[in-house]
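Engineer: After the sequence you'll find the predicted model.
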Amino acid sequence: MTQGNEGTQVGVYICHCGGNISDHVDVDRVAETVREVPGVAVASTETFMCSDPGQERIMEDIRSGKINRVVVASCAPALHELTFRGALQRAGLNPYLYEHANIREQVSWVHHGQAATEKASALIAAAVAKSRGLTGLDPIRVDAKQHAVVVGGGVAGLRAARDIAQQGVEVALIEKSPFLGGRTALLDRVYPTHERAGDLLARLYEEIAGHSRITIYTCAEIAAAEGYVGSFKVTVKQKPPDSAEDLERLDRYARSGAAAGRFIPLAGIAPGPAPSRAEEFVLETGSIVMATGFAPYVPLNGEYGYRTLPEVITLPDIVRHVAENVSEGDRLKIDGREIRRIAFIHCVGSRQIPGIHESREEDRLNEYCSRVCCSSVLAAANHIRETFPGTRVLDYYRDIRTYGRGQEALYDRASENGVLFFRFEPEEAPAVETDETGEWPLRIRTKDVLTFGEEVTAGVDLVVLAVGMEPADVTGLAEMMKLPIGADRFLLEVHPKLRPVEVANTGVLLAGACQAPMDIGESCAAAQAAAAKVSTLLRRGYVELDPFVARVNLDRCRGRGPCRESCPESAITLSEMRIDGQTALRTQVNPAACTGCGICVAVCPENAIDVDGWTLQQYEGMVDAIVNA
């Protein structure tokens, strides 16, 4: 399908974007201006170029022979570049004879009136100039091993491993603790279905444990990783458990007398004995799924009295206490103490505001909403009121967000169960203090928005902080694998709608709460999406990659090596070659590992390297077009 650049006829298609662009850019005038640009054969506008009619217009012009290059001026290329390349391919044109001009984010969203129209015309002229220098390219085909590594044995990792294996791909499941189940294993019941978390995990584990394509490694971590999609090499290190939490859970498991593979409440599932010595091994794999999960926020010392007042605990603590409570009577008992009144405080470690909340380290605040905390608090409050009616429940909140299907009913039920709600502003957060009268261990003071700012004081036996979700600490792994991390420190997908479980590193997928706060259902849905993507990538035995990679002109290359030293992907080597009958060092590029970043182009003293699809000559043409616009 490769095509040259002889007799270029460029079709330019300008999108209104439903008013996003045309409200500020005179698209008709832009089209008139563009028609005068050398090489332009067609210039037209469309309300939505990404729509079926918009794509069909491009395809008709290609099939009729009017054009052999395409420029679409619309939103950011990350959104629809693949869409338009697909249209070219369906019409029989090489999909890489396409150039995109961003006139929404780079024009209409930042400029207005005459300036916006002129800038749009200039950017499109530059895109036309580049498109005239494009040559047809062919995708790079890379052999792909039909094997995947799933990092993390929580509910997302288990679901991803199960679904990948069912698609005929072998899976290695890597879990750093001795247990499978992750944070879900530390729950008693899940809401709004009221199912036991252990029953859900046990059913999922049964589908995995005996699967011929799944190998489980516990007490294991990734020590090194290299390679590219289809051909990763992952070094795994197994070692005996040494953390206090793991040892406590192992002791709980041993005292229960349960056989390996059985779920133990508040511990999880130990698929086998923990390793007795450290060892390393290498896995060759085609794709890696990150399912590293989350960690609950740990409040600062003194935050709402945490760690300074023993009666202040966190939401995970109360879940464990309620699950273990076997006392009779109408009041909840914790450590032998009757709880007459319990208070929950929302948004601890979530929705933090600079200047109001104290940062824990490096001026880092969790400004995002953790989403699941409100429903978790309401579920716990309902369980306490319905199981221990003698224990009263107070709920202190900024906003209540029961966003999931069926979860609004938790709020309604809490009201029916007599839970008292108090709303506070962030700058007027509840104050938790020792009760000087001695009637109660603690008292809470707050200005209640629901009563127009009246200060309300209540004595309580226990305060529960609804802590938010933070990403599990995978800093070392992210640096090793060059994984993108968002401002919220969660792993960052390419696009939340178009490529929701992919990262920029092709072949690495995301599953579950490693990329954002999610509940169990959402985590499993993300895991299913990641598994489907793995299957799509690997099932053919090869992967096709975009051909935007570095290309070496051997006539100019002198094998000096700055390109190799500067390559962040280790995609460049120096090899001996026969040149004019003599042996000489020359640069070689591994196209499967190259990401087309262009650093090597900038450092080459002989100007012997270019990136296909983004050559220096094409850049020069774009600059000239802008200057002359």
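Structural biologist: Structure received.

Engineer: how near is A91 to A156?
Structural biologist: Distance of A91 to A156, computed by CB to CB, to the nearest Å: 40 Å. The C-beta positions use only the backbone N, C-alpha and C, and glycine is treated the same way.

Engineer: ok, the closest residue to T583 other than its chain neighbours - contacts?
Structural biologist: Excluding the flanking residues, the one nearest T583 by CB to CB, 6 or more residues apart in numbering is E576, at 5.3 Å. E576 is in contact with T583, A584, L585, R586, counting by CB atoms under 8 Å, 6 or more residues apart in numbering.

Engineer: Quick check: which element contains the first one?
Structural biologist: Spelled out, it's T583. strand 582-589 (DSSP states H and E).

Engineer: Does anything pack onto that strand? Which helices or strands?
Structural biologist: Judged by 3 or more CB pairs under 8 Å, 6 or more residues apart in numbering; DSSP states H and E, strand 582-589 is in contact with strand 550-552, strand 572-579.

Engineer: All the helices of the stretch 501-629 of the chain, residue numbers only.
Structural biologist: Applying DSSP state H, counting those that start in this stretch to the stretch 501-629 of the chain gives helices spanning 520-538, 562-566, 599-603, 616-628.

Engineer: out of the ones you listed, deepest packed?
Structural biologist: helix 520-538 (a mean of 22; mean count of other CB atoms under 10 Å).

Engineer: residues making contact with that helix?
Structural biologist: Contact with helix 520-538 is made by 144-148, 154-157, 159-160, 162-164, 167-169, 184, 190, 200, 229-230, 286-287, 289, 291, 404, 500-502, 507, 509-513, 515, 518, 543, as judged by CB under 8 Å, 6+ apart.

Engineer: List the buried residues for stretch 375-384?
Structural biologist: Applying a neighbour-count criterion of 16 or more other CB atoms under 10 Å, one finds S375, S376, V377, L378, A379, A380, A381, N382, H383, I384 buried in stretch 375-384.

Engineer: ok, now stretch 263-276?
Structural biologist: Neighbour-count burial for stretch 263-276 flags F263, I264, P265, L266, A267, G268, I269, A270, P271, A274, P275 (criterion: 16+ other CB under 10 Å).

Engineer: and those as CSV, adding secondary structure and pLDDT?
Structural biologist: CSV is the format used below for the buried residues of stretch 263-276 (DSSP: H, G, I helix; E, B strand; the rest coil; pLDDT from 0 to 100):
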residue, secondary structure, pLDDT
F263, strand, 91
I264, strand, 89
P265, coil, 86
L266, coil, 84
A267, coil, 87
G268, strand, 91
I269, strand, 94
A270, coil, 92
P271, coil, 93
A274, coil, 87
P275, coil, 90
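
Engineer: and the two most separated of those?
Structural biologist: Pairwise distances across the buried residues of stretch 263-276 (CB to CB) peak at 24.5 Å, for the pair P265 and P275.

Engineer: and the angle from the strand or helix carrying V150 to helix 520-538?
Structural biologist: V150 belongs to strand 147-151 when assigned by DSSP H and E. Angular relation of strand 147-151 and helix 520-538 on a 0 to 180 degree scale: 150 degrees, by axes from the mean of the first three to the mean of the last three CA atoms, to 10 degrees.

Engineer: first vs last residue of stretch 15-29, how far apart are they?
Structural biologist: 13 Å (CA to CA, to the nearest Å).

Engineer: pLDDT of that stretch, averaged?
Structural biologist: What stretch 15-29 shows for mean pLDDT is 96.

Engineer: Need the contact partners of it.
Structural biologist: 14, 45-50, 54, 72-75, 103-104, 107-109, 111-113, 116-117, 120.

Engineer: Repeat that for stretch 258-265.
Structural biologist: Stretch 258-265 is contacted by residues 181, 185, 188, 198-199, 201-202, 205, 209, 252-253, 256, 269-273, 323 when judged by CB under 8 Å, 6+ apart.

Engineer: do the same with stretch 413-425
Structural biologist: If you take CB under 8 Å, 6+ apart as the criterion, stretch 413-425 is touched by 378, 381-382, 385-386, 392-398, 430, 446-450, 456.

Engineer: Only the buried subset of those residues, as a PyMOL command please.
Structural biologist: Here is the PyMOL command that selects the buried residues among the contacts of stretch 413-425 (16+ other CB under 10 Å):
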select buried, resi 378+381+382+385+392+393+394+395+396+397+398+430+446+447+448+456
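
Engineer: can you pull up the bridge partners for E338?
Structural biologist: K333 (DSSP bridges).

Engineer: Kindly report the same for F294.
Structural biologist: Residues in beta-bridge contact with F294 (DSSP bridges): P471.

Engineer: Use 432 as the first number from now on
Structural biologist: In the new numbering, first residue 432, that becomes F725.

Engineer: who does the least confident helix or strand in the chain by mean pLDDT touch, helix- and strand-wise?
Structural biologist: Least confident helix or strand of the chain, by mean pLDDT, DSSP states H and E, is helix 675-687 with a mean of 85. Where contact means 3+ CB pairs under 8 Å, 6+ apart, helix 675-687 is packed against strand 694-695.

Engineer: Measure how buried N848 is and give me the count.
Structural biologist: Counted with other CB atoms under 10 Å, the neighbours of N848 add up to 16.

Engineer: Likewise for R708?
Structural biologist: R708 has 7 nearby residues by other CB under 10 Å.

Engineer: What of R535?
Structural biologist: Look at R535: counted by other CB under 10 Å, it has 21 neighbours.

Engineer: State the pLDDT value of it.
Structural biologist: 97.

Engineer: show me what contacts it?
Structural biologist: Counted by CB under 8 Å, 6+ apart, R535 has contacts C446, C448, N451, I452, S505, C506, A507.

Engineer: So which of those residues belong to strands?
Structural biologist: C446, S505 (DSSP state E).

Engineer: From the contacts of R535, list just the buried residues.
Structural biologist: C446, C448, N451, I452, S505, C506.

Engineer: Check the gap between R836 and R995 for me.
Structural biologist: Separation of R836 from R995 (CB to CB): 54 Å.

Engineer: Oh, that last question was meant for P915, not what I typed.
Structural biologist: Counting by CB to CB, the gap from P915 to R995 is 24 Å.
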